[in-house]
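Q: Quick one, fold the following:
(2 chains, ligands or ions: 1)
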Amino acid sequence: MANPNGIGASVRRVEDNRFITGRGTYTDDINRPGQTYGWFVRSPHAAAKIKSINAKKALAMPGVIAVLTGADMAADNIGGLPCGWLVKSKDGSPMKEPGHPPLANDRVRHVGDQVAFVIAATREGARDAADAVEVSYEPLKAAVDAAAALKPGAPLVHDDVPGNLCYDWEWGDKAKTDEAFKNAAHVTKLKVINNRLVPNAIEPRAAIGEYDRASDRYTLYTTTQNPHVIRLLMGAFVLHVPESKLRVVAPDVGGGFGSKIFHYAEEAVVTWAAKKTGQTIKWTCDRSESFVTDAHGRDHTTEAELAMDKNGKFLGLRVHTIASMGAYLSTFASSVPTYLYATLLAGQYSTPAIYANVKAVFTNTVPVDAYRGAGRPEACYILERIVENAAREMKLDKTEIRRRNLVPAAAMPYMTPVALQYDSGNFAHNLDVGLKAADYAGFAKRKEASAKQGKLRGIGLSTYIEACGIAPSAVAGALGARAGLYEAAEVRFHPTGTVTVFTGSHSHGQGHETTFAQVVATKLGVPFENIEIVHGDTDRIPFGMGTYGSRSIAVGGVAIVEACEKIITKSKKIAAHVLQTTADKIDFEDGVFKDKASNKTMTIAEVAFTAYVPHNFPHDTLEPGLDEQAFYDPKNFTYPNGCYVCEVEIAQDTGEVSIASFYAVDDFGKVINPMIVEGQVHGGLGQGIGQALLEHCVYDHQSGQLISGSYMDYAMPRADNLPSFNVSTTEVPCTHNVLGVKGCGEAGAIGAPAAVMNAVVDALSNLGINHIEMPATSQNVWQAMQGATKKAAD
Amino acid sequence: MREFSYHRPKSVADAAKAFSSKSEARYLAGGHSLLPAMKQRLNAPSDLIDLSAIKDLKGIKIAGGEVVIGAGTTHAEVAHSTEIKKAIPALCVLAEGIGDPQVRNRGTIGGSLANNDPASDYPAAVLGLGATVVTNKREIAADSFFKGLFETALEDGEIITAVRFPIPEKAGYAKFAQPASRFCIVGVMAAKTKSGVRVAVTGAGPGVFRATDIEKALASSFSAGASLPAVKASGLSSDIHAGAEYRAHLVGVMAKRAVAAAG
Ligand SMILES: Cc1cc2nc3c(=O)[nH]c(=O)nc-3n(C[C@H](O)[C@H](O)[C@H](O)COP(=O)(O)OP(=O)(O)OC[C@H]3O[C@@H](n4cnc5c(N)ncnc54)[C@H](O)[C@@H]3O)c2cc1C
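A: Take a look at the predicted model:
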């Protein structure tokens, strides 16, 4: 009998009880004995020299314990924040990695850059004292927009980085691609901006630093998606403290979307300051601070060209991208517009020649790094936008041009010209399912009905493929990754038959406590309620690379299965001993070991009990106990893919865009919990639609002040901006992991922007409009319509 | 937020007295403009004088061709008032469109008017319907109450006690919300009143104003089909959400929608 709470069941999320009733324990909910509070003095300038810092007044204020600066850190030999991925320019030179001090030394490089750290008995007291720290700045000219920062004579963000150029990287076969363009019957060109986004996790970042003199150990509680990675980076590069002396705890974390992957200055500062001052220090970011310190996402400007033969068959794709890195290289910043972007430029198509050139640029803005999708949304957006324009120019239906170019299912495994090998997928099938669900054929009628109400209706498609669970480590390492990309798990039976699973993945909204327990329940035949999933503590979990890039089930989940397999292997030996047979004669199903010959059985709980109370036990060949670890390093990426169909209506008098319908067909491989997967898709679509229609991080081009620095100006998507989603999955199992899973966390955010924008452009195409930048706000659309009307009149 | 002393007087007179005895006192109504500003430390009063226990500031009355709304009445109470719905439905529509349920359950008409945020909704109602702002000292006609960006005719310590809205023949309100804050990029109240047509515009400029050209056009025919003169962009606000040109255009569109909504 299949486990009712096993793989494939929409089990309600067990973690939601505590979240919904306010009993979650987030970092800011943790209060340590004698705890003090920290507040950062931050730069009000985008670029300035620090002439002096005078903390006299602040130190004299009640309850103030210390004011620490970059000079104090330098005196303690504290290192800079490292970047985890080395990218080399096309001339072979390594990327420029300018210093990234946790507290500024002599220069500040973006509004929000941390200048000093104030510790006081209360949070408000620390904040008051921070206001009283006198910093004398000499403001400098700022380089704000990436393209402008590359121009000769632009202000330098770092004196030691000429031209603000971090790297000038290329990928793909340039000669072959140039050749393809020579033979083209038609070339479609498009310049697009991928708008900069502020991640806005619901829980602002927080950190508590604690130091125990007796053991000479530090503990850092922090809002991270990957505690072991933080321990490694902070210990090895910044504080120069061995892992054995560092404990990093990431308790409940309220959303991350990538922004909580990175090792942030505040984590290092509170940990270092804890020992220096002998205080336990809590720092909690407020929302305004989040806007100017959490790593931002996207911010690409791309010129793309697509070469086709006369039948609309793609011959070559050429892409030139300028990517803003912000003021410093955040932890994985360098990998996002390169290995997570250009490698995806084939999309679902069989384009034979692809070339990408990416210039990464320092600007006086908040660092830019991975944000839900990380590089892959940028790739999908440029590709799907240009394909749709190509269809229009070739006078082909948007579905037809795709059909002519999709990689057929029969071609799997398929090697792209940009280094990835897709293992599985049936792209044409997804397209069929999507078009049918969305009643593509009936669109003309719906357009007419909208027109009667003064609205322009458009339909847009996007097909996406993403590469999840970056792997294998050896390949990632060859490409510049400075870390392994496996995952660790430990499955521990307790004597009375309950199970604790320690996973290196980290749940910050994904529902791992439920999904992973379902996997274990199925594999071990243990009741779902008897399985506890533990994550987020480097002292409890063997190791971990954390959660990002939709890797948790595909890498972390598989690691758990591998540990379960070890449990089963050992259990069979124990059962064989008790049942007086040999392990090869033992069958295991639904938690019961059976001797095939005698039909005698033993439950896995009984085996566990025997393992811990080993009175009748094969002591000469086995150790007691039932506790197994596994490290899993995947053989390949996984490739979730899908097809999205969106319809929009545009009010002719205001330019306001509303989403009339949205159909998502996703192939995530095997689905463990359909309800959770649907929730992940909804969330991703919400963020993708947010990027397309609402979200826009805007800096003043001159001063580098963040204009959209609060929810008064940064538009987050809300329920009434979104339609009722229609989502479904087509399960084509991944061929290289035992679960057949591909991952689902980022899909929506990757595929949605292009679908929405293609629909917007479709609605406006009769006016001669062939592109509009994100976000398609009412004003942007209205201005485009005005421009088009004016052009027609001239 | 910095430290402050808290007072909760029971009468308007006590509130005014408390105010005058403190150096940097502020009245507190729903707190939905004042508290966010205090949390950001843009505002740090020494004393907060909470008006919420004053019964005289509460309630809705319909009498003598007027809707009288106590200054302490919340947006939600206005939105859901069956009496107002009968007398001036546009007022309910306006109140229902302010912020979200939490904001509407706390925020008050008095607080909104005293604050006079250039993107807030109520100023359009008060000016568009030709209301009278009643204070503990006097009565102020709408046309002389609003003085531009966060400025009003209120003197230091003066308390709004009520707002008197003459019931119009018909009136409609249309709002084009800013996508992030959901305050007004443009809000237009268009009313046909006994003393003529009034069209008040909020959000578009540094303060609520009457669109006199549109009023003239509607005077001859107060109908959705009426052709309205183009609105000039000069003097209107510009920000990342809407430039002056777009705002000017929206004033025309919202005016039309407001007239259509008036029925
Ligand atoms: C998330 C959010 C969304 C919002 N959206 C909108 C929106 O869409 N449209 C809109 O119009 N508003 C919006 N608001 C503002 C909201 O309507 C506020 O409630 C209103 O602006 C202030 O009213 P209050 O009662 O909260 O006043 P408070 O914040 O308590 O006070 C505001 C000011 O008025 C003074 N004051 C209060 N009462 C009196 C009185 N009786 N006499 C004299 N002075 C007084 C106070 O001293 C203070 O200076 C929003 C607010 C928030 C937080």
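
Q: Domains in chain A, by residue range?
A: A:16-22+A:486-632, A:31-140+A:203-254+A:260-291, A:300-470+A:636-793 (automatic domain parsing).

Q: residues contacting the most centrally placed residue in chain B?
A: Among the residues of chain B, the one closest to the centroid is residue B:122, at 1.9 Å (Cα atoms, centre = their mean). When contacts are counted by Cβ atoms under 8 Å, 6 or more residues apart in numbering or on different chains, residue B:122 is found next to B:94, B:98, B:109, B:112-113. In short, each C-beta sits where N, CA and C put it, glycine included.

Q: Would you format these as JSON lines with distance to residue A:108 and neighbour count included?
A: As requested, the contacts of residue B:122 are exported to JSON lines (distance: Cβ to Cβ, whole Å; neighbours: other Cβ atoms under 10 Å in any protein chain shown):
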{"residue": "B:94", "distance to residue A:108": "45", "neighbour count": "26"}
{"residue": "B:98", "distance to residue A:108": "40", "neighbour count": "24"}
{"residue": "B:109", "distance to residue A:108": "45", "neighbour count": "29"}
{"residue": "B:112", "distance to residue A:108": "39", "neighbour count": "25"}
{"residue": "B:113", "distance to residue A:108": "42", "neighbour count": "24"}
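
Q: Assess the claim that residue A:573 and residue A:583 are in contact.
A: Yes - the pair residue A:573 and residue A:583 passes the contact test of Cβ atoms under 8 Å, sitting 4.8 Å apart.

Q: ok now do the residue of chain A found nearest chain B, which residues does it touch?
A: Residue of chain A nearest chain B, by Cβ to the nearest Cβ: residue A:715 (3.8 Å). Residue A:715 sits next to A:690, A:694-696, A:775, B:179-180 when contact means Cβ under 8 Å, 6+ apart.

Q: now it: how far from residue A:269?
A: Look at residue A:715 and residue A:269: by Cβ to Cβ, to the nearest Å, they are 32 Å apart.

Q: got it, and residue B:102?
A: From residue B:102 across to residue A:269, the span is 35 Å (Cβ to Cβ).

Q: out of the contacts of residue B:122, which are inside helices?
A: For the contacts of residue B:122, membership in helices holds for B:94, B:109, B:112-113, with DSSP state H as the criterion.

Q: Among those, which one lies nearest to chain A?
A: residue B:112 (16.2 Å).

Q: got a list of what the closest one touches?
A: Residues near residue B:112 by Cβ under 8 Å, 6+ apart: B:33, B:75, B:98, B:120-123.

Q: among these, which are in reach of the ligand?
A: B:33, B:98, B:120-122 (Cβ under 6 Å from any ligand atom).

Q: okay, among these, which ones form the most distant pair?
A: Across these, the longest distance by Cβ to Cβ is 12.6 Å; it joins B:33 and B:121.

Q: sorry, back to before: show me which of the contacts of residue B:112 is closest to residue A:681.
A: The shortest distance between residue A:681 and any of the contacts of residue B:112, using Cβ to Cβ, involves residue B:98 and amounts to 33.1 Å.

Q: Done for today, thanks.
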